[in-house]
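In: This is a predicted model, with the sequence first.
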Amino acid sequence: MQPWYNVEISTSHAELTATTYLRGWYRIREEGGAKDWREIADGASYTDEERAAAWITYGPSTFATPAAPAAALLATLQQIADHPAYDRWRKEGGEPTPTGVRAQLGDDGRLTLVGAFIRHPSAKDGDHLHSVEVLFSDIAPLLEAVAPLA
């Protein structure tokens, strides 16, 4: 099974990359289809599997996860919560913020996440993204919202 999420953790947030979708971008780039990921937002030749692996934005505070089991996102969020950088952030006064996060599982296998917690390069409705950033302050609320769906 191919990994659905690759996680890069910093001192205040984590970047969650949809690896299969990102590999599609590299494939398209190698075929001469783009020099920058923003160039291929419209009309690119992604496979169905690659498109299913993308994050999708539905405005500035609503997102769909890659079409993977909810348990995959839950495990990713738990990996972040268990990371030493997250622990250090908490010990230095970092607090989860109540963000009103909601999660709903769709028929297509994607989780729809609602809340102002994910930073991303586009707020355009329907954009497919290879990665998003989640602030540490929103990890606990996300865990709480996603856990019942996994």
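Out: Everything's here; your move.

In: Downstream of the helix or strand of the chain with the lowest mean pLDDT, the next helix or strand is which one?
Out: Lowest mean confidence among the helices and strands of the chain (mean pLDDT, DSSP states H and E): strand 118-119, at a mean of 64. Where DSSP states H and E defines the elements, the next helix or strand beyond strand 118-119 is strand 128-129.

In: The protein: strands as residue ranges?
Out: Under the criterion DSSP state E, the chain contains strands at 5-9, 13-18, 55-57, 62-64, 102-105, 111-114, 118-119, 128-129, 131-135.

In: Residue 88: which of those strands is closest?
Out: Using C-beta to C-beta as the measure, strand 5-9 is the one of these that comes nearest residue 88, at 10.7 Å. Where you see a C-beta, it was placed from the backbone N, CA and C, and this is true even at glycine.

In: Tell me the helices and strands packed up against that closest one.
Out: Under the contact criterion of 3 or more C-beta pairs under 8 Å, 6 or more residues apart in numbering; DSSP states H and E, strand 5-9 touches strand 13-18, helix 19-30, helix 70-81.
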